[in-house]
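Student: Need coordinates for the following:
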Amino acid sequence: MIRNYLKIAWRNLVKNKVYSFINIGGLAVGVTACLLMLLYVRHELQYDAFFENKERIARVVSELKTPEAPISLALSPVLLVPALADYPEVQKATRFQPTVATVRFKDKLFNEPDVYYTEQATFEVFSYQFLQGSKEKALNQPNSMVITESFAKKYAGDTDLLGQSIQINKEFYVVTGIIADLPSNTDLKINALLSYDFSKVNSWVDDLSVFTFVLFKQLPNLPLFEQKLNKLSQQYIQPELKKMGENDYSLVFGTEILADIHYSAGKIEDTPKGNKQYSYLFLFLAFFVLVIALLNYINLLTAQASERTKEVGVRKANGAQKKQLISQFLFESLFLNTISVAISITLLEVSIPLLNDLLQIQLQASWQEISLGGSISLVLITLLGGLYPAFVLSDFHPLQALRGISKRYGHSLTLRQVITTFQFVLTVSMIVGVIVIYLQMSFLQKHNLGFDKDQILVVQLPRDSLAQAQGVAFANSLQKHSKVQKMTLGSGLEPDAMGGTNFRVNGKIREVMTRFIFTDEQFVPLLGMKIKEGRNLSLVNASDKNGAFLVNEAFVKMSGWKNPIGQPIEGFEKKGQVIGVVKNFNYRSLHNSVEPIAIVYHNTRPLRTVMLKIQPKNLAVVKTTWQSHYANFPLEYTFLDEMFDKQYHKDQLMMLLFNTFAFLTVFVSCLGLFSLVIFAAETRTKEIGIRKVLGASILQITTLISKDFLKLVMIAFVIASPIAYYFMDKWLADFAYRITISWWVFALAGVATISIALITVSWHSIKAALANPVKSLKTE
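Tutor: Numbers count the residues shown, from 1 in each chain. All right, here's what the predicted structure looks like:
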């Protein structure tokens, strides 16, 4: 019997190639898209979930209360960890101090990110997987280090690095442990951990420079713990602030459970943050695509029912029972679904590496997970997608079936119309979303930042104190080359730089979220900034090196000045007056508004960067000059426009993901519309035949079938427009600078949706109009 069922299933698949392709392909695409989105959502919602005791680990954060506004910091004082040793609820606490690391091993020389000074207790708080070495004593000794597997391969290939010495800046560290690389969904990204003696620190305020993590003995009562922390602040930090004359300032502690850090509010020196709304959106889309793909599958199967009525009639006339027919059609459903799931698993295996490369993440699914997911999908789809068509087909009356007459499921058509309308509500919304996101990203790229970022090379100088002395000489050597058009030296213009700085303005100290740029007189002309009032920094005026301040319009507004030129100002070891006002410029992403900025000479601060205007083809000049001054340090550079574009990397990835899944949603919706057209055409076969006999043209019949579906699309457009506007306006609210959603965006989305619907509907409508009327009327 099974063999007979298999033959019939194969014969029907070959006979109806188009329908079979749509059925199998649509279901496979729907399942694949659903599983990919679920994998991505799992990745995003399980940040740091791989750590043992994750629910008992919390990070201590700080908030500096000031007369102007509170300043949130991801950092906390170095001295906090030893003070926590007396807390009975604390099992262990540890701290990480970030450092800029120049790493040298044999002929390899790189500047490495994600390198931290820490202590042995780290391995009691976090469950790192040691591949080599012992976690019990990995950082017990001075100048010891633990590195990741990828770090080891980068510098030594397959050579065993355990016990080897690696130079970090000026110090040599012995590798005492190698740990497995952490998954991509972590906020604790590390390349190397260096042992450090924190006991020499003796100030709570001066060394607010570490990330502090606490492992509790049991699930913590965080509000109660925070109260205890703030008693510590009153006991130790407030007296230090008073000694410094900062009576109006205080430091308040807060806590964040490890799993919540990724979605917490952004702070100074914090890790990049995620957006749960995106994850929930993709979760909704995952189930929506799967449900619609399943409904489309059912629609197509039931739409083909009339073509199999005679087969059912013959089987019933020969004594086939209803349960036998149900078994046959369920087996056929299982056969089609097996092919669909097999294709889906193949697509999944191919898609995961591609998605990982695009998003720079590590989506993972073991073969056991894929097999289990495939098996569950197969059973559910067969039962949910196969039972209804099986009951419909097996319920035909033998006499009616032999005459080619099937029951008309009018109520089912209405239900399908509702489902299709809902599909196109989402389709219109997604198309509007695609257009708005594209327009906003284009706006970000073309928006005038207030300065020229094209062909500006940013060269990072070594942080080594001795190498700093070579900075001016390196800059002077570069300036001698004719291919270097303009150049400036100083602290640079990194978009993600932000800090709280004390200013004495109008006789008052105020803490301002600002950027203090240490540079020279070439900074403004190099970047093409506009001076609104006063003048630029100048070497002609000797006093400019110690007491001249160039501020932006936001600084003037913050200070409440009507006549800023000549106003006294003090901050960052400099005391002087305002000599000029530059027009506002955006040094951070356009998610943020312009903040107060002060520009001064770099003579009292370390040099960080050399910025020069040069064409990319002339980079050899920079490389040769670097070798003559900094042969022992790696050359690290980027172009300013690339630096700024990186700020929108996550937005661009979200646009890519959204566009991809929007396309899949539109594709699945079109399949739904296609199946509805088939169903409607089958239920109106005799009507179409009669109209053709009475002289109706192909265009008239095509219009007759198509107009009802275009009405559904128009209804969907009316429903979707306000929904799409609401959600896209909410998304745009995250940007300080944004586009306005114009009426033509919805008009374009409507035209696109109607065009897609017309193309989808026309194929089968024309086919129905071309059908021979004799065939549909021969039993009448």
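
Student: which stretches of the stretch 1-150 of the chain form helices?
Tutor: Remark: helices assigned in the stretch 1-150 of the chain by DSSP state H, counting those that start in this stretch are 2-15, 17-45, 80-84, 122-125, 149-156.

Student: buried set for the third one?
Tutor: Of the residues in helix 80-84, those scored as buried under the neighbour-count criterion (16 or more other Cβ atoms under 10 Å) are 80, 81, 83, 84. In this view, the C-beta of every residue, glycine as well, is placed from N, C-alpha and C.

Student: which strands and helices sit next to that helix?
Tutor: In this structure, helix 80-84 packs against strand 90-105, strand 208-216, helix 222-232, with contacts taken as 3 or more Cβ pairs under 8 Å, 6 or more residues apart in numbering; DSSP states H and E.

Student: which stretch among these comes nearest residue 488?
Tutor: When the helices and strands packed on helix 80-84 are compared by Cβ to Cβ, strand 90-105 sits nearest residue 488, at 21.3 Å.

Student: who does that closest one pair up with?
Tutor: strand 108-118 (antiparallel), strand 165-168 (antiparallel), strand 208-216 (antiparallel) (DSSP bridges).

Student: most packed of the ones you listed?
Tutor: Greatest average neighbour count among those goes to strand 208-216 (a mean of 22), per mean count of other Cβ atoms under 10 Å.

Student: Could I get the average pLDDT for that one?
Tutor: For strand 208-216, mean pLDDT rounds to 94.

Student: Now tell me what touches it from outside.
Tutor: Outside strand 208-216, the residues that touch it by Cβ atoms under 8 Å, 6 or more residues apart in numbering are 53, 56-60, 62, 73-78, 80-81, 84, 89-98, 124-126, 198, 251, 255, 258.

Student: Those residues, buried ones only, as a ChimeraX selection?
Tutor: Applying 16+ other Cβ under 10 Å to those, the buried members can be selected in ChimeraX as follows:
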select :56,57,58,59,60,62,73,74,75,76,77,78,80,81,84,90,91,92,93,94,95,96,97,125,126,198,251,255,258
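
Student: Which stretches in the stretch 551-700 of the chain count as strands?
Tutor: Listed in chain order, the strands of the stretch 551-700 of the chain (DSSP state E, counting those that start in this stretch) span residues 568-571, 574-582, 597-601, 609-613, 636-639.

Student: Remind me what the first one packs against, helices and strands.
Tutor: Other helices and strands packing on strand 568-571, by 3+ Cβ pairs under 8 Å, 6+ apart, are strand 499-505, strand 574-582.

Student: For the residue most central in space within the chain, give me the pLDDT.
Tutor: In the chain, the C-alpha nearest the mean C-alpha coordinate belongs to residue 650, at 4.5 Å (Cα atoms, centre = their mean). We have a pLDDT of 76 for residue 650.

Student: which residues sit in contact with it?
Tutor: By Cβ under 8 Å, 6+ apart, residue 650 lies in contact with residue 272.

Student: how about stretch 578-596: buried residues?
Tutor: Buried residues in stretch 578-596, defined by neighbour count with 16+ other Cβ under 10 Å: 578-582, 584-590, 592, 594-596.

Student: Next, count neighbours for residue 86.
Tutor: 7 (other Cβ atoms under 10 Å).

Student: next one: residue 66
Tutor: 18.

Student: what domains does the record give for the protein?
Tutor: As given by automatic domain parsing, the domain ranges for the chain are 1-46+273-407, 56-263, 410-448+646-780, 456-645.

Student: contact partners of stretch 418-430?
Tutor: By Cβ under 8 Å, 6+ apart, stretch 418-430 touches 288, 292, 295, 658, 662, 665-666, 668-669, 672-673, 676, 709, 712-713, 715-717, 719-721, 723-724, 727, 749-750, 753, 756-757.

Student: What's opposite the residue nearest to residue 634 when sequence neighbours are not counted in the beta bridge?
Tutor: Spatial nearest neighbour of residue 634, excluding adjacent residues (Cβ to Cβ, 6 or more residues apart in numbering): residue 109 at 4.8 Å. For residue 109, the beta-bridge partners under DSSP bridges are residue 104.

Student: I'd say residue 109 and residue 155 touch.
Tutor: No: Residue 109 lies out of contact with residue 155 (Cβ atoms under 8 Å); the separation is 9.7 Å.

Student: Common neighbours of the two, please.
Tutor: Common neighbours of residue 109 and residue 155, using Cβ under 8 Å, 6+ apart, are residue 103.

Student: residues touching the residue nearest to residue 634, list them.
Tutor: 102, 103, 632, 633, 634.

Student: out of the contacts of stretch 418-430, which are buried?
Tutor: The neighbour count (16+ other Cβ under 10 Å) marks 288, 292, 295, 658, 662, 665-666, 668-669, 672-673, 676, 709, 712-713, 716-717, 719-721, 724, 727, 749-750, 753, 756-757 as buried among the contacts of stretch 418-430.

Student: Now do the buried residues in whichever strand or helix holds residue 753.
Tutor: Using DSSP states H and E, residue 753 sits within helix 743-770. For helix 743-770, burial by neighbour count (16+ other Cβ under 10 Å) applies to 745-746, 749-750, 752-754, 756-757, 760-761, 764-766, 768-769.

Student: Over to stretch 176-192?
Tutor: Residues of stretch 176-192 classed as buried: 176-179, 181-182, 185-188, 190-192 (neighbour count, 16+ other Cβ under 10 Å).

Student: Out of those residues, which sit inside strands?
Tutor: 176, 177, 178, 179, 192 (DSSP state E).

Student: of all those, which comes closest to residue 617?
Tutor: Out of these, the member with the shortest distance to residue 617 (by Cβ to Cβ) is residue 192, at 35.9 Å.

Student: Please report how far the closest one lies from residue 289.
Tutor: 42 Å (Cβ to Cβ, to the nearest Å).

Student: Could you do residue 697 as well?
Tutor: According to Cβ to Cβ, residue 697 and residue 289 sit 38 Å apart.

Student: swap in residue 197?
Tutor: For residue 197 relative to residue 289 (Cβ to Cβ), the value is 55 Å.

Student: Count the residues that sit near the residue lying closest to residue 171 once chain neighbours are set aside.
Tutor: Nearest residue to residue 171, sequence neighbours excluded (Cβ to Cβ, 6+ apart): residue 143, at 6.3 Å. Neighbourhood size, residue 143 [other Cβ under 10 Å]: 15.

Student: So residue 143 sits against residue 172, correct?
Tutor: Yes: with contact defined as Cβ under 8 Å, residue 143 counts as touching residue 172 (6.5 Å).

Student: Could you identify the helix or strand that succeeds the lowest-mean-pLDDT helix or strand in the chain?
Tutor: Least confident helix or strand of the chain, by mean pLDDT, DSSP states H and E, is helix 398-402 with a mean of 54. Sequence-wise, the next helix or strand downstream of helix 398-402 (DSSP H and E) is helix 410-446.

Student: got the buried residues for that following helix?
Tutor: For helix 410-446, a neighbour-count test (16+ other Cβ under 10 Å) marks 412-413, 416-417, 419-437, 439-441, 444 as buried.

Student: For the helix or strand that it is followed by, give the mean pLDDT please.
Tutor: Per DSSP H and E, the first helix or strand lying C-terminal to helix 410-446 is strand 456-460. Average pLDDT, strand 456-460: 90.
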